[in-house]
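>>> What follows is a predicted protein model with its sequence.
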Amino acid sequence: MRYPQIAKKIIDLRDADLDMRERLISKGVLSEGYHPEMEKLHILNAKFLGGIIDSIGYPTADKVGKEANQAAWLVIQHAISLPVFMKRCLKLLRETKTDDNQSTNINLAYLSDRIAVFEDRPQYYGTQFDWDQNGKLSPNPYDDIEKVNRRRKSIGLLTLEEQTKIIRQQAKNENQSPPVDLEKRNAEMNRWKRKVGWIL
């Protein structure tokens, strides 16, 4: 690890994010749309991380250690109000990709899927979930279940069917519930996506 002090700062960003998430879960407001407090924190974290990236490049494990490398990915994954930043980080992450680095390959799958979903495109690996009309967490649109499962297997992920069971159980364990008005929530999300620049 070449930058231990920077590593600690990145881990602190992640911890603040996770603490906020736990607080919103405990209040029962996590599924009602993008909470303003959460959005504000995600933007602040992303801007801070952006400064680090300007200084040292993408925070790879050899630069900041494995924990801070994963923490940086989480900050990027949650920077959904900043499409340009997320796409920049996707490009940088692709440049660090090696076939034998499973962690980087999985992070790439999640980040590329998240960007695709926000741009209203089918996801490639089926990593992104949302509430459906039946009040269950289900994968966002994808192209073909067999192809998705082949891609998932190639990078060491469970099948989409197995992952769906885990995601739904996790939501149950956290007492998450579907939005009171899914149609209204989705309309608000589409307005927000236009406002920040994901869709026209």
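Nice, I can see it. Numbers count the residues shown, from 1 in each chain.
>>> Strands along the chain, start to end?
In the chain, the segments counted as strands under DSSP state E are 129-131, 137-139.
>>> what about the first one, distance to the chain center?
Which is strand 129-131. On the basis of CA atoms, centre = their mean, to the nearest Å, strand 129-131 is displaced by 13 Å from the centre of the chain it belongs to.
>>> What lies in contact with that strand?
For strand 129-131, contacts defined as CB atoms under 8 Å, 6 or more residues apart in numbering pick out 31, 137-140, 164, 167, 178-179, 182. Placement of C-beta: from N, CA and C, glycine included.
>>> what do you get if the cut-off is 7 Å, keeping everything else the same?
The contact list for strand 129-131, computed with CB atoms under 7 Å, 6 or more residues apart in numbering, reads 31, 137-140, 167, 178-179, 182.
>>> Only whichever of those residues are buried, select them in PyMOL.
Restricted to buried positions by 16 or more other CB atoms under 10 Å, the PyMOL selection for those reads:
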select buried, resi 31+137+139+140+167+178+179+182
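>>> returning to that earlier point: minimum distance to residue 50: which of the strands of the chain has it?
Ranking the strands of the chain by proximity to residue 50 (CB to CB) places strand 129-131 first, at 26.8 Å.
>>> for the protein, what's the longest helix?
Ranked by residue count under DSSP state H, the longest helix found in the chain is helix 4-27.
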